[in-house]
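>>> make a model of this:
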Amino acid sequence: MEAKKIAVIVGSLRKESYNRKLAGVLFSVVPETLKLEFVEIGSLPLYNEDLDINPPAEWQDFRNKMKTFQGTIFVTPEYNRSIPAALKNAVDVGSRPYMENVWSGMPAAILSASPGATGGFGATHHLRQILVCVNMAVMPQPEMYIGKVHGLFDEKGTLTSENTRKLLKDFLIAFETWTGRNGK
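A predicted model of the protein is given here:
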């Protein structure tokens, strides 16, 4: 059986983002049934429906690329009790033009992390609401909020928590099952 191709989209654009580091750990614990691939969103021009008459190449490339995946894992920090603007923009770009939504029917999962104790709870729930609106099948359990993330990495950026590593592995195993039940 061929591994399912899964996009990993990180909401933070910061190079040393804890969420980007956690997304990197996913690649080290992924089951053989999934093939993960980072999809960068930092260069996407802001969505403006007027531009869909002659869409920017970055939008078209992103939309075409997203059509090749069998699921998406969103990894996001929490900014002001919500998601980063770059992540919302990527969802908007992929959902348009109307009736050409690349997200429709695609399984999704959300992982959020924050230096705060709640681990991005607000961002996760805002993102979940948005993804349901664009018709993604969002995995309900396990919910993955990683609080106090700044204490989980050493000075080289290596995850030092084996408990967190196991949580991430279990999260991916659950997502593999979810994609099997909810795939396109």
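
>>> Three-state assignment for Val132, please.
Per DSSP: H, G, I helix; E, B strand; the rest coil, the secondary structure class of Val132 is helix.

>>> do you know the pLDDT at it?
If you check Val132, the pLDDT there is 96.

>>> give me the number of residues near it?
12 (other CB atoms under 10 Å). (C-beta placed from N, C-alpha, C; glycine too.)

>>> list the contacts for the spatially most central residue of the chain?
Central residue of the chain (CA atoms, centre = their mean): Phe74, 1.1 Å from the mean position. By CB atoms under 8 Å, 6 or more residues apart in numbering, the contact list for Phe74 reads 9, 11, 87, 108-111, 127, 131.

>>> which of those residues fall within strands?
9, 108-111 (DSSP state E).

>>> mind putting these into TSV with pLDDT?
Compiled in TSV, the ones in strands among the contacts of Phe74 are given as follows (pLDDT from 0 to 100):
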residue	pLDDT
Ile9	98
Ala108	98
Ala109	98
Ile110	98
Leu111	98
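
>>> mean confidence score for the host helix or strand of the residue nearest to the centre of the chain?
Phe74 is located in strand 71-76, with elements delineated by DSSP states H and E. Averaged over strand 71-76, pLDDT sits at 98.

>>> mind listing what's buried in it?
71-76 (16 or more other CB atoms under 10 Å).

>>> sorry, back to before: need the buried ones from the contacts of Phe74 selected in ChimeraX.
Per 16+ other CB under 10 Å, the buried members of the contacts of Phe74 correspond to this ChimeraX selection:
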select :9,11,87,108,109,110,111,127,131
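
>>> distance to Asn19 for the contacts of Phe74 - can I get that in JSON lines?
Formatted as JSON lines, these follow (distance: CB to CB, whole Å):
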{"residue": "Ile9", "distance to Asn19": "10"}
{"residue": "Gly11", "distance to Asn19": "7"}
{"residue": "Leu87", "distance to Asn19": "10"}
{"residue": "Ala108", "distance to Asn19": "16"}
{"residue": "Ala109", "distance to Asn19": "14"}
{"residue": "Ile110", "distance to Asn19": "11"}
{"residue": "Leu111", "distance to Asn19": "8"}
{"residue": "Leu127", "distance to Asn19": "12"}
{"residue": "Leu131", "distance to Asn19": "17"}
